[in-house]
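Participant: Need a 3D model of the following:
(4 chains)
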2 protein chains.
Amino acid sequence: MTESIESYALDEQVGYLLRLANQRHASIFQSHTLEGLTPTQFAALIRIAELGKCSQNRLGRLAAMDVATIKGVVDRLRQKGLTVVEPDPDDKRRTLISLSPEGGEMVARMKDVGQQITNETLKPLTAAEQRNLIRILRKIS
Amino acid sequence: MTESIESYALDEQVGYLLRLANQRHASIFQSHTLEGLTPTQFAALIRIAELGKCSQNRLGRLAAMDVATIKGVVDRLRQKGLTVVEPDPDDKRRTLISLSPEGGEMVARMKDVGQQITNETLKPLTAAEQRNLIRILRKIS
DNA sequence: ATTCAATTGTTTGTATTATAATAAACAAAG
DNA sequence: CTTTGTTTATTATAATACAAACAATTGAAT
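Facilitator: Below you'll find the model as predicted:
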């Protein structure tokens, strides 16, 4: 049995390593974040700040989240009082999402924290490796 | 509001890019996998094959999964008939996990598929970039 | 202009993975 | 032998993702 396994090294597969890297990043994120914001919620918040008021679906597409995922994320952000949800008067299918004042403040505060999180995640790497990783990840995303 | 955001480019943060890379890999994985096996379940299966019979906790540690996560994963693998679960006669706390014959066959078949999945995930990169990515990911995991 | 098919947007149900808290079994020291 | 601390496993809860269903809009052909 064993010899047929040796040839497949789990510890060198890109999928396995991506999961580990994500785990480490999530753990660093959690130790820095405010109000229990998750990386996904944070990403959505930043996108809303960039886009201004927009439909839930559009937000999901631009934040790389499934329609069901973005709904859950927006719901939780609204529960935390960070977003405002309202129907679109021009299109009855749509729900418009925007930042609440508290959401705006949160984004401002989280920007610095976000940079810290990135720095700590990349800390084991040289400056060249850091640039390389970002460049390569963008190519396979 | 906008100018305070410009300085934080979500699309270049390592955490966001890791999530995107994971999404793409998961999607490729799903299009190749047998019996609806997830990347996590696959990793656990490979580890069991490497380790032989071992406790659930030890398996979790070596597959980089939380105690609760590995329990869920093992449960689902058992439901699919791929693993065998039995109490440890020497330590009543422990549950011993091993591959069923079907699990062994699955591992053998999945090895090739796993390589294909890795290749397809890395396809947008040059050979040097592929090696670089693996090396760098190992450093930050 | 009207109808009908195709598209777009949202929601709901279900599955998987992850975090936190609890309980049971064991080991080691007094 | 009992107390104290550690390891192992389970349960409850939360977050994310996929699939299917449903509702509103758009557009094309008559």
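
Participant: Every contact and neighbour count from this point should use C-alpha atoms.
Facilitator: Will do.

Participant: Close to DNA strand D: what parts of chain A are there?
Facilitator: A:38-41, A:65-69, A:72-73, A:76, A:90-93 (C-alpha under 7 Å from any atom of the strand).

Participant: Number of residues surrounding the residue lying closest to A:Glu12 once chain neighbours are set aside?
Facilitator: Leaving aside its chain neighbours, A:Glu12 sits nearest to B:Ile134 (6.8 Å; criterion: C-alpha to C-alpha, 6 or more residues apart in numbering or on different chains). Counted by other C-alpha atoms under 10 Å in any protein chain shown, the residues lying close to B:Ile134 total 19.

Participant: Relative to DNA strand C, how far out is B:Ile134?
Facilitator: 19 Å (C-alpha to the nearest atom of the strand, to the nearest Å).

Participant: show me what contacts A:Ser141?
Facilitator: B:Leu17, B:Leu20, B:Ala21, B:Gln23, B:Arg24 (C-alpha atoms under 8 Å, 6 or more residues apart in numbering or on different chains).

Participant: contacting residues for A:Met110?
Facilitator: With contact taken as C-alpha under 8 Å, 6+ apart, A:Met110 is in contact with A:Thr33, A:Leu34.

Participant: In helices only, show me the residues of chain A next to DNA strand D.
Facilitator: Among the residues of chain A next to DNA strand D, the members found in helices (DSSP state H) are A:Pro39, A:Thr40, A:Gln41, A:Val67, A:Ala68, A:Thr69, A:Gly72, A:Val73, A:Arg76.

Participant: tell me, which of the residues you listed make contact with chain B?
Facilitator: A:Pro39 (C-alpha under 8 Å from any C-alpha of the partner chain).

Participant: And for the closest residue to A:Tyr8 other than its chain neighbours, the neighbour number?
Facilitator: Closest residue in space to A:Tyr8, ignoring its immediate chain neighbours: B:Lys111 at 6.4 Å, by C-alpha to C-alpha, 6+ apart. B:Lys111 has 19 neighbours, counted by other C-alpha under 10 Å.

Participant: Report pLDDT for B:Lys111.
Facilitator: We have a pLDDT of 88 for B:Lys111.

Participant: and it, helix, strand or coil?
Facilitator: The three-state label given to B:Lys111 by DSSP: H, G, I helix; E, B strand; the rest coil is helix.

Participant: isn't it right next to A:Leu10, touching?
Facilitator: No. With contact defined as C-alpha atoms under 8 Å, B:Lys111 does not count as touching A:Leu10 (9.9 Å).

Participant: Please name the residues that touch the closest residue in space to A:Val84 that isn't next to it in sequence.
Facilitator: Using C-alpha to C-alpha, 6+ apart and skipping the chain neighbours, the partner closest in space to A:Val84 is A:Ser98 (5.2 Å). A:Ser98 makes contact with A:Ile48, A:Ala49, A:Gly52, A:Lys53, A:Cys54, A:Thr83, A:Val84, A:Val85, according to C-alpha under 8 Å, 6+ apart.

Participant: Out of the residues you listed, grab the one that's most surrounded.
Facilitator: A:Ile48 (25 neighbours).

Participant: what about the host helix or strand of the residue nearest to A:Val84 and DNA strand C, touching?
Facilitator: Using DSSP states H and E, the element containing A:Ser98 is strand A:95-99. Yes. Using C-alpha under 7 Å from any atom of the strand, strand A:95-99 reaches DNA strand C at A:Thr95, A:Leu96.

Participant: Next, the buried residues of that strand.
Facilitator: Using 16 or more other C-alpha atoms under 10 Å in any protein chain shown as the test for burial, strand A:95-99 gives A:Leu96, A:Ile97, A:Ser98, A:Leu99.

Participant: Name every strand pairing with it and say which way it goes.
Facilitator: Counting by DSSP bridges, the strands paired with strand A:95-99 are strand A:54-55 (antiparallel), strand A:83-87 (antiparallel).

Participant: Extract the C-alpha trace of that strand and format it as CSV.
Facilitator: Extracted as CSV, the C-alpha positions of strand A:95-99 are listed here (Å, rounded to 0.1, in the frame of the first residue of the first chain):
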residue,chain,number,x,y,z
THR,A,95,-31.6,45.5,-2.8
LEU,A,96,-29.2,48.5,-2.5
ILE,A,97,-26.4,48.2,0.0
SER,A,98,-24.4,51.1,1.5
LEU,A,99,-22.2,51.9,4.5
